[in-house]
Structure formats: C-alpha cells, structure tokens
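# fold the following for me, if possible:
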Amino acid sequence: GGGVFFTSNHKGSKGNNQVDDEEDMFNKMFYKLTKKSAVLPTTLTTQGRHVSVPQCVVEQGIARFTFEDLCQKALGAADYLVIGKHFHTVFVEQIPTLGRNEINWVRRFIVFVDAMYECHVKLIIHTQEATTPQELFIVDLEDQHTDEVFAFDRTQSRLEEMASTKYLKQRWAGSKDRRSPTDGHELVDDQMTIQTNLPQASLSDDKVEK
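Here you go, the predicted structure:
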C-alpha cells in the first residue's frame, strides 16, 4: 500500500461519522506502517539548516507532519528534499483548501510535492475539505493565468501519478545509509544529489512568509 491516499474531513452526506472514520483511517494507516514502534520527533540537517520532524520512526523510514509544519513555515526545496531523502513514506494531515490569500502556502506545497515526487516518496495525506487534488487549490477567474495556477496544475498531475501502480513500483531515491541518528537524535544529510526542476518563486526565507 501507499502512494497518494486522500482522506478528508469533508462531511458530505454522511455527517460527522464520516469525519471520524476518515481520521481514524489515517491514524490506523500510520500506526500500521510504523508497526507499533516508538514514534518520536527528530531533526534533519541540510546545508546548515535544521528541519524539524515532529513524528517519525527512523528505522521504518516513516514520518508524519501537519500542513502547518511543512507549508506555513519558512521551508524551501532543500528542506523538503532532505525529508524525502530520509523517509520513504510521508504522512501529511490537516491540509486546508487553498486560495489566493494563502499563495505562499500554495508555493511551498508545490515545492514539497515536487520534492516528494523526485525522491519517489509514498505520500499519504489528510485534508480538511478537499476530496481530490483538483479541490486543493481554488482560484477565481481573474487568477486562472497566474504562475501559481500553472504550477499547481503540475502538482495535481503529480499527485495523481503518485497514486499509480507504476509510481509505487519505483525505487525510493533515498538511502537507508543516510538514516543514522546521532546522539542528539539528529539526522545529517551530507550531500544533496537529487536534480530537480522546482519552481523558483518563494524559496528563499525572505520571500516565503505569508
């Protein structure tokens, strides 16, 4: 199992029970894959920067984040790539429906998905409302020709591809040899080698704040 798996808080016609079921499914998937191992925080280091991982099982190569952890903080391509280098399966929860007012969050999410795609990570996400990739980013007619909209079209396509059998059969681009905890529970990535075509907008810290 794995790949992009959508679970959502959207009630639809089934009411609160569906919300509870979706959240329960997301949690069960995480704990099933972590095999009842201790789930602990850790820190990744890349290019002198520290990237916090709030929940993970290093030995199993599985990490869990909220959308806020990943896209509402000043993170960029190198930060996301180091996550993809150390964890073959990444869970992301509490993803909101995004619009023009959250454009910097949108930009970070685009870069995050690109990094996971380049690393061949299995991505499991839980949204607040959206039930498909197309519903994650809602734009008005006057915004339909912006760079972010065109970039997010690629993000939608990649999320769909990441759920395919062909993608799931691809070998993870990370390496277990890189997952070596130090005494301070810190994971160090010595050299970034992945070549990506990530969007350049809003990758530097002075541009990514909402």
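# which parts of whatever helix or strand Leu70 lives in are buried?
Using DSSP states H and E, Leu70 falls within helix 67-71. Under the neighbour-count criterion of 16 or more other Cβ atoms under 10 Å, helix 67-71 has Phe67, Asp69, Leu70, Cys71 buried. (Glycine included, C-beta is placed from N, CA and C.)
# check those residues and tell me the two furthest apart.
Maximum pairwise distance among these (Cβ to Cβ): 8.0 Å, between Asp69 and Cys71.
# which residues touch stretch 52-64?
Stretch 52-64 has contacts (Cβ atoms under 8 Å, 6 or more residues apart in numbering) with 30, 33-35, 37-44, 65-66, 69, 83, 86-93, 172, 174, 176, 179, 181, 187.
# start and end of it, how far apart?
11 Å (Cα to Cα, to the nearest Å).
# residues of it that come out buried?
Val53, Gln55, Cys56, Val57, Val58, Gln60, Gly61, Ile62, Ala63, Arg64.
# same deal with stretch 44-53?
Leu44, Thr46, Val51, Val53.
# across the sheet, point out what pairs with the residue lying closest to the third one once chain neighbours are set aside.
Think Val51. Among residues not flanking Val51 along the chain, Leu44 sits closest, at 4.3 Å (Cβ to Cβ, 6 or more residues apart in numbering). Assessed by DSSP bridges, Leu44 has beta-bridge partners Val51, Leu187.
# coming back round to it: what packs against the helix holding Leu70?
strand 89-95, helix 103-118 (3 or more Cβ pairs under 8 Å, 6 or more residues apart in numbering; DSSP states H and E).
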